[in-house]
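Colleague: please work out how this folds:
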Amino acid sequence: MFSNHYHFVAHSPANASDASNLSDMLSVLHVKTAAWLNKLDAEPGRQVWFNFWETRLTYQRSYLARLNYVHQNPVKHGLVPVASQYPWCSAAWFERAASAAMVKSIYRFKVDAVRVLDDYKPAPEW
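Modeller: Residues are numbered from 1 along each chain as shown. Predicted coordinates for the structure are as follows:
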């Protein structure tokens, strides 16, 4: 989560044949988080989220590379030298919860070939 965008990787429910319910889930997420942020900032009615792009991942290697991309995003944007140091990133949790072998394996995936619209410049202060 950044000042002007976010990335996340999720699984569709086991009983869903595809990710068709992702739009509904994101709509609820955006409504609830916008209300929370507007309350924090005393800015009722402000539009917080403007749009989203979704990608259905069908190959394991693509999933794993994007998972690494999401974790490394705070480093890519120059906010921290190590992803786990950014407090609004799942990298620290992932490093604690996953096995050392899993973390090492995921972090080996190259992210330079991942094509994600991400030319945003987050605010440097968090």
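Colleague: so how many other residues sit close to residue 71?
Modeller: Counted with other C-beta atoms under 10 Å, the burial measure for residue 71 works out to 25 neighbours. (Glycine included, C-beta is placed from N, CA and C.)
Colleague: and the contacts of the longest helix anywhere in the chain?
Modeller: Using DSSP state H, we find that the single longest helix of the chain is helix 22-41. Taking C-beta atoms under 8 Å, 6 or more residues apart in numbering as the criterion, the residues outside helix 22-41 that touch it are 10, 12, 43-49, 52, 54.
Colleague: I'd like the residues you listed as CSV, with pLDDT and secondary structure appended.
Modeller: Shown next, in CSV, are the contacts of helix 22-41 (pLDDT from 0 to 100; DSSP: H, G, I helix; E, B strand; the rest coil):
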residue, pLDDT, secondary structure
10, 78, coil
12, 73, coil
43, 92, coil
44, 91, coil
45, 89, coil
46, 90, coil
47, 87, coil
48, 85, coil
49, 83, coil
52, 76, coil
54, 75, coil
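Colleague: can you count the residues close to the nearest residue to residue 81 once chain neighbours are set aside?
Modeller: For residue 81, the nearest residue in space outside its immediate sequence neighbours is residue 75; the separation is 6.9 Å by C-beta to C-beta, 6 or more residues apart in numbering. Residues lying near residue 75 (other C-beta under 10 Å) number 18.
Colleague: any idea how far the nearest residue to residue 43 once chain neighbours are set aside is from residue 48?
Modeller: For residue 43, ignoring the flanking residues on the chain, the nearest one in space by C-beta to C-beta, 6+ apart is residue 37 at 7.9 Å. With distances taken as C-beta to C-beta, to the nearest Å, residue 37 is found 5 Å from residue 48.
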